[in-house]
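Asks: sequence unknown, structure follows:
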DNA sequence: ACTACGGTTGAATCCTGAA
DNA sequence: GTTCAGGATTCAACCGTAG
């Protein structure tokens, strides 16, 4: 189980993984927002927190902490209105939340047009399993990286490859093993591959798992071309 | 009680203020981090600690919500590791938290040099009393503004005047009444004055209250010069 | 005017010893 | 033990001065 995209429920896969076998968990889990509700006609009444929302998806965090090596770290994307649920789950899994990192998307989404600041940032929680030290220069708490746009978008929540490269380079070492339990179109795995890290990607949707596999292959191929 | 810097405990003053008499509360309360500014052993003088900074200062929020007019709004500074305490207090006061605004300081502080992303942002909670609409163009959730530095620094946690002007301009109308229960060196009041808003500043320290009064006077004087 | 350099500082945190 | 306060330490950015 290495340098592989596994098509399965990550909760099942994580259970089968050995303790302390991963150096970095970098993932963008479902935020638990019912997107449908944002499109209600009576927009004036729409609020970020809706009572009948699905729960933020945090069940994987306990096992993610278990498979994390001593001195390993976690980077978990989320959004401001659900960040506390993720932070609490990370702390409950006995990881130390060290930083709130802001991804500056440099371009806003929609949201409530009348009463909400145009959302142009996401939160990334940075947590460590015990003692930790950056491999190189200390990164800053705001990371600027333009959002993936329009035609090149494969997955609705796709993160820019440059952002993933930056984060992986900033917090992990060459040869490290990187796990993404919600790997989607595989951006984390592609960035890991390019930077000489091992990767384990898990994706429940067969369609996206297949796309992710192809994207990693393509990256490998292109990497060889440049040698 | 208008266009005035009141030197007193804001909890006392707030109690004496009438309901729904303020359009915007813009403030930077003690974060509750027991902060010692620029502590240097090699200098005989050092800046005094902030009063009441042992735990997140949220007691004022209930009364701040009461004095807020319908359709009025609140902008409250805090830091990522105490933001949930402030958010909860704001929600408990029956305000609707609409946005998490990020102040990009464009320059980092210290923090844990080995395991923490260099902190270069603060949080600003934006909440409204019921229905709300921006007076003009919808602002973005990240506000960039260079930190006030060095010699021009009057208060240890002084916010840039440009940042305050931007926020006041973005969320309030001319002629509105703006309240800052922790006005410190008076930056909020100066910005309000310049932008043609009424202001009420409250500051517990006589030293800073006097500095704030002078800064507002100075701003008034300079404003007249430009006419 | 521009660069090189040293001094200063920041909404810190760690360590250590005392209470 | 545990908490607490004071002194120590850290680095990148910025500022002023000198070259």
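Replies: Nice, thanks for sending it over. Being a predicted model, the structure only gives us computed values, none of them experimental. Residues are numbered from 1 along each chain as shown, chains lettered A, B, ... in the order given.
Asks: Would you tell me which residues of chain A are close to chain B?
Replies: A:44, A:47-49, A:80-81, A:84, A:87, A:98-102, A:104, A:108, A:112-121, A:126, A:128, A:131-134, A:138-142 (Cβ under 8 Å from any Cβ of the partner chain). For the C-beta atoms, the positions are set from N, CA and C on the backbone; glycine is no exception.
Asks: Narrow the residues you listed to just the buried residues.
Replies: Burial by neighbour count, judged by 16 or more other Cβ atoms under 10 Å in any protein chain shown, picks out A:48, A:80-81, A:87, A:98-102, A:104, A:108, A:112, A:115-121, A:126, A:128, A:132, A:134, A:138-142 from the residues of chain A next to chain B.
Asks: about what we covered before: just the residues of chain A next to chain B that are near DNA strand D?
Replies: residue A:138 (Cβ under 7 Å from any atom of the strand).
Asks: and stretch A:154-174, which residues are buried?
Replies: For stretch A:154-174, by 16+ other Cβ under 10 Å, it's A:155, A:157-161, A:163-172.
Asks: Restricted to strands, list those.
Replies: If you go by DSSP state E, the buried residues of stretch A:154-174 have nothing in strands.
Asks: returning to what we had before: in helices, which of the residues of chain A next to chain B appear?
Replies: Counting by DSSP state H, the part of those found in helices is A:84, A:87.
Asks: So which residues of chain A form helices?
Replies: A:10-15, A:61-67, A:83-92, A:161-171, A:187-194, A:206-225.
Asks: For residue B:55, which of those helices is the nearest?
Replies: Closest of the helices of chain A to residue B:55 is helix A:83-92, at 18.0 Å (criterion: Cβ to Cβ).
Asks: Any chance you could list what contacts the closest one?
Replies: Identification of contacts with helix A:83-92 by Cβ atoms under 8 Å, 6 or more residues apart in numbering or on different chains yields A:29, A:32, A:55-56, A:58, A:61-62, A:65, A:74, A:76, A:78, A:97, A:100, A:123, A:125, A:127, B:84, B:87.
Asks: in it, what's buried?
Replies: Here helix A:83-92 shows A:83, A:85, A:86, A:87, A:89, A:90 as buried, counting by 16+ other Cβ under 10 Å.
Asks: From residue A:169, how far off is the closest residue to DNA strand D within chain A?
Replies: Closest contact between chain A and DNA strand D, by Cβ to the nearest atom of the strand, is at residue A:137 (4.9 Å). In this view, residue A:137 and residue A:169 are 10 Å apart by Cβ to Cβ, to the nearest Å.
Asks: Kindly report the same for residue A:131.
Replies: Residue A:131 sits 21 Å away from residue A:169, going by Cβ to Cβ.
Asks: likewise residue A:27?
Replies: For residue A:27 relative to residue A:169 (Cβ to Cβ), the value is 17 Å.
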